[in-house]
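In: show me how the following folds:
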Amino acid sequence: RLLTMQAAEMIDRVGNRLARQHVAMIKVAAPNMALKVVDRAIQSYGGMGVCQDTVLAYMWACCRTLRLADGPDEVHMRTIAKLEMRLQRAKL
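Out: Prediction:
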């Protein structure tokens with residue numbers, strides 16, 4: 001949640017372009033965390049977690065699709081790396 005709040009504050013203060021790294025971090029972290037939560041719920045339900053009697057299988061499919069909806073994680077991680085390298089080069 002803190003990362004989301006920091007990204008929102010940065011967008012408000014400096015605009016979308018300069019907050020690009022924080023936004024990319026959110027696009028990786030949020031879907032992964034949602035998938036992790038649903039996966040743990042499925043684990044606690046056991047075999048029933050993957051059958052159609054519960055909503056967990058549908059939620060897992062939605063969360064997995066969410067990871068691809070705004071671009072693969074690798075694209076966002078590459079963006080984060082490029083911006084971090086640029087920031088570190090500027091410090092030299």
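In: which secondary structure elements does the helix or strand of the chain with the lowest mean pLDDT contact?
Out: Every helix and strand in the chain was compared by mean pLDDT, DSSP states H and E; the lowest is helix 56-69, with a mean of 90. When contacts are defined as 3 or more Cβ pairs under 8 Å, 6 or more residues apart in numbering; DSSP states H and E, helix 56-69 packs onto helix 20-45. For glycine as for every other residue, the C-beta is placed from the backbone atoms N, C-alpha and C.
In: mind giving me the packing neighbours of the helix it packs on?
Out: Looks like helix 20-45 contacts helix 2-14, helix 56-69, helix 73-91 (3+ Cβ pairs under 8 Å, 6+ apart).
In: tell me which of those sits most buried.
Out: helix 56-69 (a mean of 15; mean count of other Cβ atoms under 10 Å).
In: how many neighbours does the nearest residue to M77 once chain neighbours are set aside have?
Out: Spatially, and ignoring its direct neighbours in sequence, M77 is nearest to V28 (6.2 Å; Cβ to Cβ, 6 or more residues apart in numbering). V28 has 21 neighbouring residues, counting by other Cβ atoms under 10 Å.
In: gap between the two ends of stretch 12-26?
Out: 16 Å (Cα to Cα, to the nearest Å).
In: pLDDT of that stretch, averaged?
Out: The pLDDT scores in stretch 12-26 average 92.
In: what do you get for stretch 38-50?
Out: Mean pLDDT, stretch 38-50: 91.
In: assign a three-state SS to G71, would you?
Out: coil (DSSP: H, G, I helix; E, B strand; the rest coil).
In: I should have written R17 there, sorry.
Out: Strictly by three-state DSSP, R17 counts as coil.
In: what's around it, how many residues?
Out: Quick note: R17 (other Cβ under 10 Å) scores 7 neighbours.
In: what of V55?
Out: Applying other Cβ under 10 Å, I find that V55 has 11 neighbouring residues.
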